[in-house]
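Enquirer: fold the following for me, if possible:
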Amino acid sequence: MSQIFWLLRIISIAALLLPMTPNLLHADVACNWSVVLSDDFSGPVLDTTKWSTEYGSGGNGEKQYYAPDAFEFQDGLLRIRADRRAMKNYPYTSGIIHSWHIFDQEYGYFKMRAKVPKGKGLWPAFWLLPTTKARHWEIDIFEILGDDTNTVHLTNHWPDSEGNYTKGKTTFTGPDFSEDFHIFGLEWSPTEIIWSIDYVERYRTTRGVPHEPMFLLANLAVGGNWPGDPDSLTPFPSYFDIDYIQVYERACQVFLPTVSVPAAKQ
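Expert: The predicted structure follows:
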């Protein structure tokens, strides 16, 4: 259960134990976000205490092999590089980082500052999956297709009451996200999920909210059922540039009022 739930339980129990004097229940709850994971990718290599690059390739009809050498560090950026080179029976290589079995969290605020590549068939994403790999659950903090870099896709996926796949989503049309860096954020609580871009809320839902720890993934897919294959104009190499990734948890404190107990009569 959430930390706030238990704090409210503590307040209610304390109220029963203390004398019933006026204004007793005027307790204050102060909550702040604290950083629990942060990586500014200062290099020169990936921090393997936070990330792994080994992950299955070819899902969703994608054409890339996730190669261990598909990463560059330049000017404080992690650059995930997609190349037109054959490897492991795939015509392209690219990269993925994830925190499965390294870091996960239930609820919190997740943030990335990044710039995406432009070109048909390119598909950068920042997303969350359950640590248990529970079927159908997923939160896509953002996805952008390389041939429509003005549109951000904000989506969550879950099983319905019969276990069938369903999803909720919206799109946000803004500037060309391949031309500059932008901040993509997601606040996940026990009751809702809120997506933001450059600290402005763009979507909110109370449907399909997961209640289990999830891990982080950031990748640059090439091809697939949704974006289609690259064409002759798609530039290679192409880069998904990540400035930083941060994860926060909400920490709360309860401040109970001071109760003055009258002195006993002599």
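Enquirer: now for the longest strand along the chain, which elements pack on it?
Expert: For the chain, the strand with the greatest residue count under DSSP state E is strand 238-255. Using 3 or more CB pairs under 8 Å, 6 or more residues apart in numbering; DSSP states H and E as the contact definition, the elements that strand 238-255 packs against are helix 3-17, strand 28-39, strand 77-82, strand 108-115, strand 122-130, strand 214-222. Quick note: C-beta positions are derived from backbone N, CA and C, even for glycine.
Enquirer: any idea of the mean pLDDT in the fourth one?
Expert: On average, the pLDDT along strand 108-115 is 98.
Enquirer: partner strands of it and their direction?
Expert: strand 182-188 (antiparallel), strand 238-255 (antiparallel) (DSSP bridges).
Enquirer: which of the ones you listed sits most buried?
Expert: Mean neighbour count (mean count of other CB atoms under 10 Å) peaks for strand 182-188 among the strands paired with strand 108-115, with a mean of 21.
Enquirer: the next helix or strand after it: how far from the chain's middle?
Expert: Under the assignment DSSP states H and E, the closest C-terminal helix or strand after strand 182-188 is strand 193-197. How far strand 193-197 lies from its chain's middle: 10 Å, per CA atoms, centre = their mean, to the nearest Å.
Enquirer: before we move on, what about stretch 198-213?
Expert: Worked out by CA atoms, centre = their mean, stretch 198-213 lies 10 Å from the chain centre.
Enquirer: quick check: buried residues in it?
Expert: Residues of stretch 198-213 classed as buried: 202-203, 205, 208-210 (neighbour count, 16 or more other CB atoms under 10 Å).
Enquirer: how about these in TSV, adding distance to Gly56, pLDDT and secondary structure?
Expert: Formatted as TSV, these follow (distance: CB to CB, whole Å; pLDDT from 0 to 100; DSSP: H, G, I helix; E, B strand; the rest coil):
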residue	distance to Gly56	pLDDT	secondary structure
Arg202	30	98	strand
Tyr203	28	98	strand
Thr205	28	98	strand
Gly208	24	97	coil
Val209	26	98	coil
Pro210	21	98	coil
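Enquirer: looking at those, which is nearest Ala27?
Expert: Distance to Ala27 across those (CB to CB) is lowest for Val209, with 27.2 Å.
Enquirer: so who does that closest one touch?
Expert: Applying CB atoms under 8 Å, 6 or more residues apart in numbering, we find Val209 in contact with 156, 188-193.
Enquirer: could you dump the buried residues of stretch 198-213 into CSV and include distance to Glu138?
Expert: Formatted as CSV, the buried residues of stretch 198-213 follow (distance: CB to CB, whole Å):
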residue, distance to Glu138
Arg202, 18
Tyr203, 15
Thr205, 13
Gly208, 9
Val209, 12
Pro210, 9
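Enquirer: just the closest of those residues to Pro235, please.
Expert: Closest to Pro235, out of all of the buried residues of stretch 198-213 and judged by CB to CB, is Arg202, at 28.2 Å.
Enquirer: what's opposite the residue lying closest to the closest one once chain neighbours are set aside in the beta bridge?
Expert: Closest residue in space to Arg202, ignoring its immediate chain neighbours: Phe172 at 4.5 Å, by CB to CB, 6 or more residues apart in numbering. Counting by DSSP bridges, Phe172 is bridged to Val152.
Enquirer: rewinding a little: of the contacts of Val209 - the most surrounded one?
Expert: The most crowded member of the contacts of Val209, judged by other CB atoms under 10 Å, is Asn156 (25 neighbours).
Enquirer: quick check: mean pLDDT across the helix or strand that that residue is a member of?
Expert: Assessed by DSSP H and E, Asn156 sits inside strand 151-159. The average of the pLDDT scores along strand 151-159 is 98.
Enquirer: got the CA positions of that strand in CSV?
Expert: This file holds the C-alpha atoms of strand 151-159, laid out as CSV (Å, rounded to 0.1, in the frame of the first residue of the first chain):
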residue,chain,number,x,y,z
THR,A,151,3.9,13.9,-32.3
VAL,A,152,4.4,12.2,-28.9
HIS,A,153,2.5,9.1,-28.0
LEU,A,154,1.6,8.7,-24.4
THR,A,155,0.1,5.2,-23.5
ASN,A,156,-0.5,2.7,-20.9
HIS,A,157,-1.5,-1.0,-21.4
TRP,A,158,-3.2,-3.5,-19.1
PRO,A,159,-5.3,-6.6,-19.1
